[in-house]
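Enquirer: Next come a sequence and a model predicted from it.
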Amino acid sequence: MPNPLERTILVTGTTGQVGFELLRSLQGLGRVVAADRRTLDLADFDQVRRVVRDVKPQLIINPAAYTAVDRAESDADAAMRINGEAPGILAEEAKRVGAVLFHYSTDYVFDGSKEGFYLEDDSTSPLSVYGASKLAGERAIAQVGAMHMVFRTSWVYAARGQNFLRTMLRLAEQRPELQIVADQIGAPTWSNTLATMTAHVAALGLLRYANDNQWWAEKSGIYHLTTSGHTSWAGFAEAIFELATLAVRPKVNPIGTEQYPTPARRPKNSRLSNEKFLATFGIAPPDWREALALCLTAS
């Protein structure tokens, strides 16, 4: 078995929600090289190429992205460059050095009109610039033909940074009642859950199938990776207030999407099936409420 100290894992976006957790989840699998925006800016393609060629990793994990969904509607060029084009550059460089690329995409590649859970091969039809840019990134990676795993996820939150969980906890201290959208359905996914599931797959490939490019090539493709179960944003808020054991719990008033207009349209159904992920890797993500409880305990 190869010495883990001889393996190198390059992680982008390490000040972000998922990147921050990946640095912890990947411990022991090899030498982890952390790259934040200062050292690897996805908008700078020359820098991306230079860093990958200098580091020569066996695995590249790319959680870095343009994530300002509403701002992307008026900043489409930047969103497309970072989300749509940069993943293709990473894939090219991964192929050059013989690395495997892990990349994250989103439920926003779908329009939310399907009844039931979305499968990986369902037709895509993004409603927003952000969704279109992430879909372009998926396609750019596939076109290069590098060994890759694209993990589509949804409703990512963390105990740090800007996200729905932290917004709700802040507003709970300020308002006795909150109006929260109740007709959008999805799986709130803790950044730690996403990082841990990613690390499990990385360990499987790096340890059990070390140096087996055929295994990576056979497994290459798109996988849905969220927590299990589903709820609405209003249901998510209610669970946050319940599990956070607040002294005073705000009242959640469910509203429709049309009562909370945003620049970017969101899919009303964001439920993604994890069945392919489970069948391929034998790894089952936890229920969303269990993960939320752990997050609140850890924070």
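Expert: Looks like it arrived, so ask away.
Enquirer: hey, where'd the helices end up in the stretch 1-150 of the chain?
Expert: 17-25, 45-55, 76-79, 86-97, 129-144 (DSSP state H, counting those that start in this stretch).
Enquirer: and Phe117, which of the ones you listed is closest to it?
Expert: helix 129-144 (17.8 Å; Cβ to Cβ). To be clear about C-beta, it is placed using only N, CA and C from the backbone, and glycine gets the same treatment.
Enquirer: Kindly reformat the helices of the stretch 1-150 of the chain as CSV containing mean pLDDT.
Expert: Formatted as CSV, the helices of the stretch 1-150 of the chain follow (pLDDT from 0 to 100):
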stretch, mean pLDDT
helix 17-25, 96
helix 45-55, 97
helix 76-79, 97
helix 86-97, 97
helix 129-144, 97
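Enquirer: Pipe these into CSV and attach distance to Ala64 and mean neighbour count per row.
Expert: Listed next are the helices of the stretch 1-150 of the chain as CSV, based on distance: least, Cβ to Cβ, whole Å; neighbours: other Cβ atoms under 10 Å:
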stretch, distance to Ala64, mean neighbour count
helix 17-25, 7, 22
helix 45-55, 10, 16
helix 76-79, 13, 17
helix 86-97, 8, 22
helix 129-144, 11, 22
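Enquirer: before we move on, which element is the residue nearest to Trp190 when sequence neighbours are not counted in?
Expert: Once flanking residues are discounted, Trp190 sits nearest to Ala291: 4.3 Å by Cβ to Cβ, 6 or more residues apart in numbering. Assigned by DSSP states H and E, Ala291 belongs to helix 288-298.
Enquirer: in that helix, what's buried?
Expert: Neighbour counts over helix 288-298 (16 or more other Cβ atoms under 10 Å) mark Trp288, Arg289, Ala291, Leu292, Ala293, Cys295, Leu296 as buried.
Enquirer: With stretch 268-279 instead?
Expert: Buried-residue list, stretch 268-279, by 16+ other Cβ under 10 Å: Lys268, Asn269, Ser270, Arg271, Leu272, Ser273, Asn274, Lys276, Phe277.
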